[in-house]
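J.: Coordinates only, no sequence provided:
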């Protein structure tokens, strides 16, 4: 049986709004053998148990701070530029052809600094974790049931370097399972990290962590290694792929505007979920 660790990060405001709930529901439902590594930003959390391992993000990730200092006054790195850029693509959910972006560079998809915190937390955890599998979970998630051991094992099979929630646009990176015993995993993470430390990410079409994750994932796949789609294809028709995948049996990802309600809605579901949690969701 393989060993597992979970990692997340949040800042003080995020901890107050949703991070505390994520930590408490993790401790309530996940197997006792699995620790949660929390990279905190400028706050001291209250810990429900000693299996919550707290690390300071700033102290742990000097390369993150270097990246932020380099681009403190760079609007391109904060999603604050705007111009037309041509790229032929298809919107898979509306079945429309796109000819590019009228406001390329404006918005979260180009906010490299915002999403760098998450990326560097993963890089540091993967280098220092002694578990077989490292699972990233966004801090705006919550757990309402316990994941089974057979489910944990299925998220990234031993012959795959990573398990992820695939979508036609870009991976949903709210839940990713890294197989730290696969020889290609550290190669992938090193290439991922170089996109930040060498500023190579600005040569890509988008700058957020999910897009960059797919860039390096595809490179590793092209080298002959296998990844695993945890969603088993459901991302082709579900925008909120996490809750429609097998993960929706025990967790919710309360992302974006769903935070006002405190949960995802039944209108986010494209599969028939029978769990009581979803029956009570408006």
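T.: It's in. Just so it is clear, the model here is predicted, and its values are computed rather than measured.

J.: mind listing what residue 214 touches?
T.: For residue 214, the contact set (CB atoms under 8 Å, 6 or more residues apart in numbering) comprises 170-171. C-betas here are computed from N, CA, C, even on glycine.

J.: what pLDDT, on average, does the helix or strand hosting it get?
T.: Assessed by DSSP states H and E, residue 214 sits inside helix 209-222. When pLDDT is averaged along helix 209-222, the result is 98.

J.: ditto for stretch 114-132
T.: Taken as a whole, stretch 114-132 carries a mean pLDDT of 98.

J.: Name the residues of that stretch that come out as buried.
T.: For stretch 114-132, burial by neighbour count (16 or more other CB atoms under 10 Å) applies to 115-126, 129, 131-132.

J.: so how far is it from its chain's centroid?
T.: Relative to its parent chain, stretch 114-132 has a centroid offset of 11 Å by CA atoms, centre = their mean, to the nearest Å.

J.: sorry, back to before: could you tell me which of the buried residues of stretch 114-132 belong to helices?
T.: 115-126 (DSSP state H).

J.: Same list (these) but as a markdown table, adding distance to residue 53.
T.: Output for these, formatted as a markdown table (distance: CB to CB, whole Å):
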| residue | distance to residue 53 |
| --- | --- |
| 115 | 23 |
| 116 | 22 |
| 117 | 17 |
| 118 | 17 |
| 119 | 19 |
| 120 | 17 |
| 121 | 12 |
| 122 | 15 |
| 123 | 16 |
| 124 | 12 |
| 125 | 10 |
| 126 | 14 |
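
J.: Okay, buried residues for stretch 233-248 please.
T.: Neighbour-count burial for stretch 233-248 [16+ other CB under 10 Å]: 234-235, 238, 240-248.

J.: Show me which pair in the residues you listed is furthest apart.
T.: 240 and 246 (14.1 Å; CB to CB).

J.: what about the strands in the stretch 151-282 of the chain?
T.: Applying DSSP state E, counting those that start in this stretch to the stretch 151-282 of the chain gives strands spanning 160-165, 172-179, 226-229, 251-253.

J.: In this structure, what residue spans correspond to helices?
T.: Under DSSP H, the chain gives helices at 12-14, 20-29, 57-60, 62-70, 112-128, 149-155, 183-197, 209-222, 241-244, 276-279.

J.: among those, which is nearest residue 169?
T.: Proximity to residue 169 (CB to CB) singles out helix 209-222 among the helices of the chain, at 8.7 Å.

J.: Go through that closest one and flag the buried ones.
T.: So, applying 16+ other CB under 10 Å, buried residues of helix 209-222: 209-217, 220.

J.: And the residues you listed, which is closest to residue 185?
T.: Nearest to residue 185 among the buried residues of helix 209-222, with distances taken as CB to CB, is residue 220, at 8.4 Å.

J.: Could you report the separation of the closest one from residue 179?
T.: 12 Å (CB to CB, to the nearest Å).

J.: overlap in contacts of those two?
T.: Joint contacts of residue 220 and residue 179 (CB under 8 Å, 6+ apart) are residue 161.

J.: would CSV of the buried residues of stretch 233-248 with distance to residue 28 be doable?
T.: Listed next are these as CSV, based on distance: CB to CB, whole Å:
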residue, distance to residue 28
234, 27
235, 28
238, 27
240, 23
241, 25
242, 19
243, 19
244, 24
245, 22
246, 20
247, 17
248, 18
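
J.: Many thanks, I have nothing further to ask.
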